[in-house]
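Peer 1: Structure of the sequence below:
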Amino acid sequence: MPRWKELPDSLDERVRKLIIQLRRLKDRSGLSLVSLESKTGYSRASWERYFNGKALPPRQAVEALARVVGAEPTQVLVLHEMAEQAWQQREARSPAAAAQDGGEQAAEKEERRMAVGAERPPGVRRPIALAAVVAAALVGMGAGMLIAAPWGDDDGGDGKARTAVDSPRPSGSTGTATEGPGPYVYQLGKTYPCDVRRSRAVGGGLTARYSTTRTAILAGPGWDVVEAQCLLRHHKVDPGVVDGIYGQQTIAAVVRLQKKAGLPEDGIVGPDTWQVLRK
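Peer 2: The predicted structure is shown next:
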């Protein structure tokens, strides 16, 4: 295995998690950078920048890496969504950082075109559908954004408020809620109260009555994130402000909860972590 360079201290935790996972995939595969270049269509120099935190890899490169190493891409693509959000927030806060990033990524534009265009290497698929995961730079910009309507109160026990879900969906997807106070709209400084109680619905489980999901993979802002933040507080793990934004404090709280529960400490809220939160 290569001896990886220490990542810059200035990297956002969400970007750091993505890079660590990409490094693990490469280490597990045993592929060299030259091999990655030939199999993914992205140059050795580009992969060096990605693995060292100097540039954010495009989504197509992340999916291509997962494909060539034989890994299921959903989890790493969710990490990429969160890392992309953090990267955009960094650029919004610092014009100098945006200019530097532009210089780093200028040489990669042609590679991206090649990777997603007609000359794409055989077997590289277009990005898998993750519903409508939101990757907008919201925090610090104060921009309102319409996301998803919350789930209704599930205390009735008849299951009508639920939408059938066959597989985990990313939070922030639309068209899944049937009741509630209205669509989630991000407002800078807006927080939500937490009244966590045991549901009377079949199967019980804790609820803050913002969402009834047990499967959503948290990425974009929305009611699922508010629900998770309230449940984290109930479990004495502080997620910071309850605002529906899946930021660094919430991710750190999820990692602490996962550690206590003996789950993989990846900071991703999926079905297993929801099971712990609902207990």
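
Peer 1: Number of residues surrounding residue 54?
Peer 2: By the measure other Cβ atoms under 10 Å, the count of residues near residue 54 is 16. (Glycine included, C-beta is placed from N, CA and C.)

Peer 1: Then residue 256?
Peer 2: Neighbours of residue 256 (other Cβ under 10 Å): 18.

Peer 1: Could you do residue 235 as well?
Peer 2: Neighbours of residue 235 (other Cβ under 10 Å): 19.

Peer 1: One more: residue 206?
Peer 2: Count around residue 206 with other Cβ under 10 Å applied: 16.

Peer 1: Check residue 37 too.
Peer 2: Residues within reach of residue 37, counting by other Cβ under 10 Å, total 17.

Peer 1: And it, how close does it get to residue 64?
Peer 2: Residue 37 sits 11 Å away from residue 64, going by Cβ to Cβ, to the nearest Å.

Peer 1: go on, residue 255?
Peer 2: When residue 255 is compared with residue 64 (using Cβ to Cβ), they lie 28 Å apart.

Peer 1: and what of residue 198?
Peer 2: On the measure of Cβ to Cβ, residue 198 and residue 64 end up 45 Å apart.

Peer 1: So between these two, which is more surrounded?
Peer 2: residue 64 (24 against 11).

Peer 1: for residue 227, phi and psi?
Peer 2: phi -60, psi -50 (degrees, to the nearest 10).

Peer 1: and the closest residue in space to residue 242 that isn't next to it in sequence, what element?
Peer 2: Distance criterion Cβ to Cβ, 6 or more residues apart in numbering; nearest residue to residue 242, sequence neighbours excluded, is residue 229 at 4.4 Å. Taking DSSP states H and E as the definition, residue 229 sits inside helix 223-234.

Peer 1: just checking, what packs against that helix?
Peer 2: In terms of contacts (3 or more Cβ pairs under 8 Å, 6 or more residues apart in numbering; DSSP states H and E), helix 223-234 is packed against strand 206-207, helix 248-261, helix 271-278.

Peer 1: ok, the residue nearest to residue 242 touching residue 247?
Peer 2: No: the pair residue 229 and residue 247 does not pass the contact test of Cβ atoms under 8 Å, sitting 10.0 Å apart.

Peer 1: shared neighbours of those two, which are they?
Peer 2: Residues touching both residue 229 and residue 247 (Cβ atoms under 8 Å, 6 or more residues apart in numbering) are residue 240.

Peer 1: For the nearest residue to residue 264 once chain neighbours are set aside, list the residues it contacts.
Peer 2: The shortest distance from residue 264 to any non-neighbouring residue, by Cβ to Cβ, 6+ apart, is to residue 258 (6.6 Å). Contact partners of residue 258, counting by Cβ under 8 Å, 6+ apart, are 264, 265, 266, 267, 273, 276.

Peer 1: separation between residue 258 and residue 47?
Peer 2: 29 Å.

Peer 1: Ok, residue 16 next?
Peer 2: As judged by Cβ to Cβ, residue 16 and residue 47 stand 17 Å apart.

Peer 1: More neighbours: the two, which one.
Peer 2: Using other Cβ under 10 Å, the more surrounded residue of residue 16 and residue 47 is residue 47, with 23 against 16.

Peer 1: so that one makes contact with residue 33?
Peer 2: Yes: taking Cβ under 8 Å as the definition, residue 47 is a contact partner of residue 33 at 5.2 Å.
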